[in-house]
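J.: sequence-free structure coming up:
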C-alpha cells in the first residue's frame, strides 16, 4: 500500500487525516428493510456496509472520521460505540473471536457524528462537515460504493493530492449507456499513468451528451476551498446542492485531478448489485468461501439444468 502521509514542512501540502462519510440518505430503494434500519447498516456477509467504508479509510491512514447522518440513524452511532453488556457477556464465555469482532468498529478510528438535518444533497452534507474539518484537506467516502479491501485506490488518491495539491476524484470508465447515472468528467492527460486533469464535470448528463466515459465514483480527496464554493452553490439537479457542481467550479481553475480506477468496486445502493456484492465477498472469505462456493456451483448448475418438480425457477429481474 502506498503510504499516504508524510511529515509536513512549511509550504508543503497538509497531510490528510480526516474523512467524511455522508450517511443521511433514506434508503428508499431498499424499503421496507430500511424503514427502521439505516441502509448503511444492511449486512454485507457479517458486517454492515458502512464498516467496510470506515475500514478502508483507516487502512489509508485516516484516523479522524465524521459521519454525517440524519434522523433514525442512531444504529450507526451505536455500532461504532462500545457495547459494554455484550462485551462482558462474550468475555465471560471466553468467546474472544466474537469479542474482538464486536470491539473492532470502535477501535478503527476516532469517530464523530453530526446530523445533516434537511436532506439537501451531497454537497450540503459535505458542507455540514466544515466546522469539524476546518481548513484542512479531507477525504469523502460514500457508503454505497464499496472498494475491495485489496485495492489501494484511496491511498493512491491521497498520494496524488500530496504531490499535486487541489482536489482529487476517483474515476471509472463505464458503458456509455450507463454514464447518465453518474457525475461525468471531461479530462485531459497529465503524462502520469492513471492520473488525469479534470477540466469539467457534469452531474448525470443526458444520454448522448456526456463529455467522456469517465464516471465519478464515491471517493474524493477535497481541498478545503470546496467549502467556500459550496456556500454559494445553488441547488442543481433534483433541487439538491450537488458536490459535482462545486467541483466543476474548482475544475475550471485547473485544481482538480482524477485517479482512474479499474479495480474491484461494489455498488450496494442497487438491490441486484447488493446481492452480487454479498456473494462475491462471501466467496472470498477463507472461512466461508470454500463451502459456499461449492454450494453456489451446485445451485447454478441446477438453474442451468432447469427447475425440478415443485421448485420455482429463479429468473433474472
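T.: Structure's in. What do you need? Only a predicted model underlies this, so the values are computations on that prediction, with no experimental measurement involved.

J.: so residue 32, which of the three states?
T.: coil (DSSP: H, G, I helix; E, B strand; the rest coil).

J.: Check the burial of residue 135 by counting its neighbours.
T.: Residue 135 sits with 10 neighbouring residues when counted by other Cβ atoms under 10 Å. Using the backbone N, CA and C atoms, a C-beta is placed for each residue, glycine as well.

J.: Make sure it is actually in contact with residue 226.
T.: No. Using Cβ atoms under 8 Å, residue 135 is not in contact with residue 226, being 11.5 Å away.

J.: strand partners of the helix or strand hosting residue 20, parallel vs antiparallel please.
T.: Using DSSP states H and E, residue 20 maps to strand 18-23. Strand pairing for strand 18-23, using DSSP bridges, gives strand 64-69 (parallel), strand 138-141 (parallel).

J.: Any idea which of the ones you listed gets closest to residue 199?
T.: strand 138-141 (20.9 Å; Cβ to Cβ).

J.: which residues make contact with that closest one from outside it?
T.: Contacts to strand 138-141, defined as Cβ atoms under 8 Å, 6 or more residues apart in numbering, come from residues 16, 18-22, 53, 56-57, 60, 62, 126, 129, 154, 157-158, 218-222, 224, 243.

J.: which ones are touching residue 204?
T.: By Cβ under 8 Å, 6+ apart, residue 204 lies in contact with 180, 181, 182, 183, 184, 237.

J.: So which of the residues you listed is the closest to residue 122?
T.: Using Cβ to Cβ, residue 183 comes nearest to residue 122 of the contacts of residue 204, at 9.6 Å.

J.: what number of residues lie near that closest one?
T.: Using other Cβ under 10 Å, residue 183 is surrounded by 24 other residues.

J.: avg pLDDT for the strand holding residue 20?
T.: If you average the pLDDT over strand 18-23, you get 95.
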